[in-house]
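Participant: I would like the atomic coordinates for the input below:
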Amino acid sequence: MRNPLLIIVAGVAGAAAGIIAPRLLGPSEAAAPATAPIAAPAPVATDPRVASIERQLRGVEQQLQAQQLRTQAQEVQPSAPRSEDLPELRAERERQAEVEHEAILARHRLESRDPRWASEREQTLSDQLAQAAGKTDMTVLAIDCRIQSCVARLQWPDRDAARAHLVALLDETAVVGCARRVQFPSTGAVPYQAEMYLECPHAP
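Facilitator: Modelled structure (predicted):
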């Protein structure tokens, strides 16, 4: 009969051997170098300037996309005429400008006349307007100065000629030192006349 103590010791030793055996390495496994665990890549620091440029690029892309959408919408929808392009509104603005100009001319006619200053200013304006007339087909009909303003009545073959010579007229009278305003009446009269208003400083 076997000793029970020896049977228990042998069983415990076998059980221990069964647990430890899988952890023992063979000769070939013992010679292989141990492999280190693969470490996760370290986070790369982002340059603040690069991040700023990327934000700007995203903003530009969004603007371009929005502009493209607006362009596509305009191509789909027919453009409505602007209010200022309507003939009736243009005619109304021209009528208001004529009324304002006539009010300015009426105020000029109510001024008293300084004979010395008015005569000198009329001669100066006559010389300057004569230069403008020599470069165009404009005719100076009359010049009237009072105490601080003058009015020159001018004539052209037609209204189109008057409009074409407006820039030359303003350039030639710039040296007189007066604020100038000219309004072309909405009339087809031939020959065509208009009055230029000049507000001039009155030297003491």
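Participant: burial of T124, as a residue count?
Facilitator: 19 (other C-beta atoms under 10 Å). From N, CA and C alone the C-beta is placed, and that goes for glycine too.
Participant: Once you drop chain neighbours, what's closest to it?
Facilitator: In space, T124 comes closest to V176 once its chain neighbours are excluded; the distance is 5.8 Å by C-beta to C-beta, 6 or more residues apart in numbering.
Participant: dump the residue contacts of that neighbour.
Facilitator: V176 makes contact with 121, 124-125, 128, 198, 200 under the criterion C-beta atoms under 8 Å, 6 or more residues apart in numbering.
Participant: mind checking how far it is from L166?
Facilitator: As defined by C-beta to C-beta, to the nearest Å, V176 lies at a distance of 16 Å from L166.
Participant: now do D160
Facilitator: Note on D160: its distance to L166, by C-beta to C-beta, is 11 Å.
Participant: of these two, who's got more company?
Facilitator: Neighbour count, other C-beta under 10 Å: between D160 and L166, L166 has more, with 14 against 10.
Participant: wait, that one sits on V182?
Facilitator: Yes. At 7.0 Å, L166 counts as touching V182 under the criterion of C-beta atoms under 8 Å.
Participant: Tell me where this structure has strands.
Facilitator: Assignment of strands within the chain using DSSP state E yields the ranges 139-145, 149-156, 179-183, 192-199.
Participant: so who does V167 touch?
Facilitator: Counting by C-beta under 8 Å, 6+ apart, V167 touches no other residue.
Participant: Out of the strands of the chain, which is closest to E88?
Facilitator: Among these, strand 179-183 comes nearest to E88, with 19.7 Å by C-beta to C-beta.
Participant: re earlier: for the strands of the chain, which one sits closest to A66?
Facilitator: strand 179-183 (43.9 Å).
Participant: what comes into contact with the closest one?
Facilitator: With contact meaning C-beta under 8 Å, 6+ apart, strand 179-183 is reached by 97-98, 100-101, 104, 154, 166, 169-170, 173, 194-200.
Participant: Adjacent strands (with direction) for that strand?
Facilitator: When pairs are called by DSSP bridges, strand 179-183 turns out to pair with strand 192-199 (antiparallel).
Participant: ok, back up a step: which pLDDT value goes with the residue nearest to T124?
Facilitator: With respect to pLDDT, V176 has a value of 81.
Participant: Kindly report the same for the one 10 residues further on.
Facilitator: Per-residue pLDDT puts S186 at 84.
Participant: ok, now how distant is it from V99?
Facilitator: Applying C-beta to C-beta, the value for S186 to V99 is 12 Å.
Participant: what do you get for Q62?
Facilitator: Applying C-beta to C-beta to Q62 and V99 gives a distance of 50 Å.
Participant: Just the C-alphas of stretch 93-113, formatted as CSV.
Facilitator: Below are the C-alpha coordinates for stretch 93-113, written out as CSV (Å, rounded to 0.1, in the frame of the first residue of the first chain):
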residue,chain,number,x,y,z
ARG,A,93,-33.5,113.6,-62.4
GLU,A,94,-32.7,115.8,-65.3
ARG,A,95,-35.9,117.8,-64.7
GLN,A,96,-34.8,118.3,-61.0
ALA,A,97,-31.4,119.4,-62.1
GLU,A,98,-32.8,122.0,-64.4
VAL,A,99,-35.0,123.4,-61.7
GLU,A,100,-32.1,123.7,-59.3
HIS,A,101,-30.0,125.4,-62.0
GLU,A,102,-32.7,127.9,-62.7
ALA,A,103,-33.0,128.7,-59.0
ILE,A,104,-29.3,129.4,-58.9
LEU,A,105,-29.5,131.7,-61.9
ALA,A,106,-32.4,133.5,-60.3
ARG,A,107,-30.4,134.1,-57.2
HIS,A,108,-27.5,135.5,-59.3
ARG,A,109,-29.8,138.0,-60.9
LEU,A,110,-30.9,139.3,-57.5
GLU,A,111,-27.3,140.2,-56.6
SER,A,112,-26.2,143.7,-56.6
ARG,A,113,-23.3,144.6,-58.9
